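Participant: Provided below for reference: sequence and predicted model.
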Amino acid sequence: MKQILMVGAGSVGGFFGARLAKTNPDVSFLLRPKTLAAVKRNGLTIRSADGTFTVRPQAAADVRELPRPDLIMLAVKAYDLDEVLTQIEPVLTDQTVILTLQNGIDTEDRLLARLQRDCVVGGVAYIYSKIAEPGVIDHYKKGAVAIGEFMGYESDRLLKIRDVFASANIPCHLSKDIRRSKWEKMCWNCVFNPITVLIDDHVARALDHPEMTGVIRQIVGEVAAISAAMKVPLPLDMPERVVKATQEIRDIHTSMYDDWKAGRRTEIDYLNGFIVQKGRELGIPTPVNEALTAMIKTMTEKEPAGAGRVRIEGAVVQPVSFDRAALAALPAEHQLDVSTVMPGIQGLGIRLKGLLDVPALAIDADHVVFDASDGRYSACLTLQQAREHGVLVYELNGAALPDTKGGPFRLVTPGLGDLCANVKGVARIEITKGPGRDTRQTTCPPTS
């Protein structure tokens, strides 16, 4: 266990890795380019009530530039695991040991399935810290780990890993049942990670409302049911244990909350989402976790954009975007068989009257601009023209309208003529007060 590689320098890997590197010159880091640049420039800094310090460890974005590790500590998000495995595979040997310090339940199983050898030691990190900026970690509470073999015995490699942490004065508990330790933390994660996002506050806000007691019990009950079905039974008083363990960290937010506020992806799919997925596979209802997963994904995932979507914005109360499925779901009276206006073409379109009824338009809005996705072509109609004559074609022969036919969305205006408005590849519909941008040489006369 001489050469140690920490993968990641976020709130967990940054703290534990820096503590190890402070006394051990054989600790190196595999980092993303942005973090690597910051660490190369300024070092890796831990700011804590216990003291602030900076280390300057060996670091690289390519693992082949670092010493070949005996021990690899994974401290990246669960959704980055496959990418990280691809990065570290060039330096793996039959003797390399991997310690996991990640949220979720299936990390170790995913590693073993891919690597096909007994090289994984399970770990659980207990810490409250967060990224202040790349290369700077603010540490607030705790800072301990639990590690264990999945068969429960104290192996030679397990004891050596414990000694690695002990040499840096990092509390390290040897768990005789690391799967249970991980499931116990999973209970806490599935409760407070999503709840702090939904209430936009720290954990005390949830603890202090009696109404939340029943919700916490239901969340943990569903997690425990899945755990038991996967042959890891938890204590019957697990909900009370979760609440009791949280009383001394009442002032904290959670990693999911911090990720949300920083605009980063959350781990919801590997926490509550994992419970939902396993519940479906095992035939166990998980309605509360399913609701939490759906709400967190709706709140935190960015609005889809790009190809295959059209967005209405401008003089509207709230911009709104549509894909083909959303257009098809609009009321039937606004759907149009385009063969009635474009003979020989079997497809569907949506009348703009129905489409423009969805967003709340500004009171004095009176024009609509249709912009092509390439930004080179646009057409402007009066609001009245758009409502009376406009059709947005979105389907051809039961499939998405292809680019070769002006897709994925094409504006046609039967009754006004193609010269008036026939915009291919519509990506943006802008409501305006007064005429907007129009690149056509021939425009329609205004209607009364």
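Facilitator: That came through, no problem.
Participant: how many other residues sit next to D200?
Facilitator: Burial of D200 is recorded as 12 neighbouring residues (other C-beta atoms under 10 Å). Every C-beta, even on glycine, is put in place using the N, C-alpha and C of the backbone.
Participant: Let's see the pLDDT reported for it.
Facilitator: The per-residue pLDDT reported for D200 equals 95.
Participant: With E290 instead?
Facilitator: Per-residue confidence (pLDDT) for E290: 98.
Participant: Now for it: which residues touch it?
Facilitator: With contact taken as C-beta atoms under 8 Å, 6 or more residues apart in numbering, E290 is in contact with 272, 276, 279.
Participant: burial of the first one, as a residue count?
Facilitator: As a burial measure, the neighbour count of N272 was computed by other C-beta under 10 Å and equals 31.
Participant: End to end on stretch 15-34, go ahead and measure it.
Facilitator: 18 Å (C-alpha to C-alpha, to the nearest Å).
Participant: What mean pLDDT does it get?
Facilitator: 96.
Participant: Now do the strands in the stretch 51-200 of the chain.
Facilitator: Taking DSSP state E, counting those that start in this stretch as the test, the strands found in the stretch 51-200 of the chain are 53-55, 58-60, 71-74, 97-100, 120-133, 136-148, 172-174.
Participant: Could you check stretch 148-155 and say which residues are buried?
Facilitator: 148-149 (16 or more other C-beta atoms under 10 Å).
Participant: picking that back up, go through the strands of the stretch 51-200 of the chain and name the closest to A329.
Facilitator: Smallest distance to A329 across the strands of the stretch 51-200 of the chain (C-beta to C-beta): 40.0 Å, for strand 120-133.
Participant: If we go by neighbour counts, what in that closest one is buried?
Facilitator: 120-131.
Participant: possible to save those residues as TSV with pLDDT?
Facilitator: Output for the buried residues of strand 120-133, formatted as TSV (pLDDT from 0 to 100):
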residue	pLDDT
V120	95
V121	96
G122	95
G123	96
V124	96
A125	95
Y126	94
I127	93
Y128	92
S129	93
K130	92
I131	94
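Participant: Out of the contacts of E290, list just those in helices.
Facilitator: Using DSSP state H, 272, 276, 279 are the members of those that sit in helices.
Participant: Is the last one in contact with P285, as I believe?
Facilitator: Yes: applying C-beta atoms under 8 Å as the test, G279 and P285 come out as touching, 6.5 Å apart.
Participant: any shared contact partners between those two?
Facilitator: E222.
Participant: With neighbour numbers in mind, choose between the two.
Facilitator: Higher neighbour count among G279 and P285: G279, with 20 against 12, using other C-beta under 10 Å.
Participant: Give me the below-cutoff pLDDT ranges for this protein.
Facilitator: Low-confidence segments of the chain (pLDDT under 70): 304-305, 417-421, 441-448.
Participant: Find the centremost residue of it, please.
Facilitator: For the chain, R265 is the residue whose C-alpha lies nearest the centre (C-alpha atoms, centre = their mean; 2.8 Å).
Participant: Could you look up the SS state of it?
Facilitator: Here R265 is recorded as coil under DSSP: H, G, I helix; E, B strand; the rest coil.
Participant: Quick one: the helices in the stretch 251-400 of the chain, in order.
Facilitator: In the stretch 251-400 of the chain, the segments counted as helices under DSSP state H, counting those that start in this stretch are 255-261, 272-282, 287-300, 324-328, 352-356, 383-389.
Participant: Please convert the ones you listed to CSV, extending it with distance to I216.
Facilitator: As requested, the helices of the stretch 251-400 of the chain are exported to CSV (distance: least, C-beta to C-beta, whole Å):
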stretch, distance to I216
helix 255-261, 16
helix 272-282, 13
helix 287-300, 10
helix 324-328, 36
helix 352-356, 43
helix 383-389, 51
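Participant: Those: which one's closest to F29?
Facilitator: Evaluated over the helices of the stretch 251-400 of the chain, closeness to F29 peaks at helix 255-261, with 19.7 Å, by C-beta to C-beta.
Participant: any idea how far the residue nearest to the centre of the chain lies from K77?
Facilitator: Look at R265 and K77: by C-beta to C-beta, to the nearest Å, they are 7 Å apart.
Participant: quick one: the helices in the stretch 1-150 of the chain?
Facilitator: 13-23, 33-42, 81-88, 107-115.
Participant: Quickly compare these and say which is most buried.
Facilitator: A comparison of the helices of the stretch 1-150 of the chain by mean neighbour count, using mean count of other C-beta atoms under 10 Å, puts helix 13-23 on top with a mean of 24.
Participant: and of the contacts of E290, the nearest to K244?
Facilitator: N272 (21.5 Å).
Participant: list the contacts for that closest one?
Facilitator: 190, 193-194, 219, 289-290, 292-293, 296.
Participant: how much space between it and L327?
Facilitator: 31 Å.
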